[in-house]
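Trainee: With the sequence up front, the predicted model follows.
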Amino acid sequence: MDKVVVSVADDNLADLPTVVSALRDAGMVVDDVLETLGMVTGSVAPGVGDLLGAVPGVSRVEVDRTVRLPPDPGV
């Protein structure tokens, strides 16, 4: 599963529960709804993240990537 962060358009914040429901219907497993920020975090099957952008009220979908640096060779 890919972790995603979905930003909800400002003009749809009042209808956030409907947007969250539509995200679930589109295949997103919702972890958290950050109402104040207008963001929804969760996970989707690989390749499904792009489909979330078509959900009414969604302004942006970002795949949450973990970045790791190699160990310091001097340690």
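Mentor: Right, received. Where do you want to start? Residues are numbered from 1 along each chain as shown.
Trainee: Enumerate the positions of the helix or strand bottoming out on mean pLDDT in the chain that are buried.
Mentor: One helix or strand of the chain scores below all others by mean pLDDT, DSSP states H and E: helix 49-52, with a mean of 84. Within helix 49-52, the residues that count as buried by 16 or more other Cβ atoms under 10 Å are 49, 52. For the C-beta atoms, the positions are set from N, CA and C on the backbone; glycine is no exception.
Trainee: Need the residues that contact it.
Mentor: 2, 4, 6, 23, 26-28, 44, 58, 61, 63 (Cβ atoms under 8 Å, 6 or more residues apart in numbering).
Trainee: give the contact list for the residue nearest to residue 35 when sequence neighbours are not counted.
Mentor: Leaving out its chain neighbours, the residue that sits closest to residue 35 by Cβ to Cβ, 6 or more residues apart in numbering is residue 16, at 6.2 Å. Residues in contact with residue 16, defined by Cβ under 8 Å, 6+ apart, are 8, 33, 35, 38.
Trainee: CA-only coordinates of the longest helix along the chain in PDB, if you can.
Mentor: If you go by DSSP state H, the chain has its longest helix at helix 16-25. Taking C-alpha atoms only, helix 16-25 is exported to PDB below (Å, rounded to 0.1, in the frame of the first residue of the first chain):
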ATOM      1  CA  LEU A  16     -15.200  17.600   4.300                       C
ATOM      2  CA  PRO A  17     -17.100  14.600   5.400                       C
ATOM      3  CA  THR A  18     -18.500  14.100   1.900                       C
ATOM      4  CA  VAL A  19     -15.000  14.400   0.400                       C
ATOM      5  CA  VAL A  20     -13.700  11.800   2.900                       C
ATOM      6  CA  SER A  21     -16.500   9.500   2.100                       C
ATOM      7  CA  ALA A  22     -15.800   9.800  -1.700                       C
ATOM      8  CA  LEU A  23     -12.100   9.100  -1.000                       C
ATOM      9  CA  ARG A  24     -13.100   5.900   0.800                       C
ATOM     10  CA  ASP A  25     -15.400   5.000  -2.100                       C
END
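Trainee: At which residues are the strands of this structure located?
Mentor: Applying DSSP state E to the chain gives strands spanning 2-8, 29-34, 39-44, 58-63.
Trainee: right, so of these, which gets closest to residue 71?
Mentor: Taking Cβ to Cβ, strand 2-8 is the member of the strands of the chain nearest to residue 71, at 24.0 Å.
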